[in-house]
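Visitor: Below: sequence and its predicted model.
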Amino acid sequence: MPQTERLELIGRLLTDPSLPLRARVAGSNVLLYAQPLSRVVRLTLDDIAYAEEQTILRLGEPPSPVPEPLAELLLRWIDSRDNMNTATNRACRWLFPGRRAGQPLHPDVLATLLNDLGIPTTAGRAAAIRQHVLEMPAPVVAEALSYHRVTTAKLASEAGGTWSRYASGDHRRSPPGWTPRRTGDG
């Protein structure tokens, strides 16, 4: 999936009030944080925190900041989660509670919902992780999003990432005050 298409889908999920709130929150986790649906459904209310007026989502270390308007959608979803009406689910801590007491929603349920809305979860997640490893060092992505370091290093290499040889700064011109050192006669 091209980056432009992924960004358009994220924009749709964040701004289209006609879409189900559950799909908007789950799809945003896939497209922004490259999370597989099997991990998305295992998120709990304890994975969401507030620090220094910022909503954060604990996917790895450090926790990931949740940008607006996703933070607002996430908080709205918490207050209106489905499958909370049965006596056995009232105190449920799952972000996406399932119909069975104490169980999260099955990933296939979310996959069907998102695919029916035109959100390709597998391609979207692959595009998101690819973009992350192009923008950040693979070990940083691995820690932040709970991926294995070998996986992110391989993805970075396949995507043409250059972080293993990266040195920050503008490499098109010499630093101020720098002069080339003469190495021989002449």
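Guide: Alright, I've got the coordinates.
Visitor: the helices in this structure, which residues?
Guide: Using DSSP state H, the helices of the chain run over 3-15, 21-33, 37-40, 70-79, 107-116, 121-135, 138-145, 149-159.
Visitor: Could you check the ones you listed and tell me which one is nearest Pro62?
Guide: Proximity to Pro62 (Cβ to Cβ) singles out helix 138-145 among those, at 6.7 Å. Where C-beta positions appear, they are placed from N, C-alpha and C, glycine not excepted.
Visitor: list the buried ones in that closest one?
Guide: Neighbour counts over helix 138-145 (16 or more other Cβ atoms under 10 Å) mark 138, 140-145 as buried.
Visitor: Same check on stretch 111-119?
Guide: Within stretch 111-119, the residues that qualify as buried are 111, 113-114, 117, 119, counting by 16+ other Cβ under 10 Å.
Visitor: just to revisit the earlier point, nearest to Arg81 among the buried residues of helix 138-145?
Guide: For the buried residues of helix 138-145, the nearest to Arg81 is Leu145 (23.6 Å; Cβ to Cβ).
Visitor: Now do the contacts for that closest one.
Guide: 33-35, 59-60, 64, 129, 132 (Cβ atoms under 8 Å, 6 or more residues apart in numbering).
Visitor: cutoff 10 Å now
Guide: Taking Cβ atoms under 10 Å, 6 or more residues apart in numbering, we find Leu145 in contact with 33-35, 39, 59-60, 64, 128-129, 132-133, 152.
Visitor: so where is the protein shaky, pLDDT-wise?
Guide: Along the chain, segments meeting pLDDT under 70 span 83-90, 161-186.
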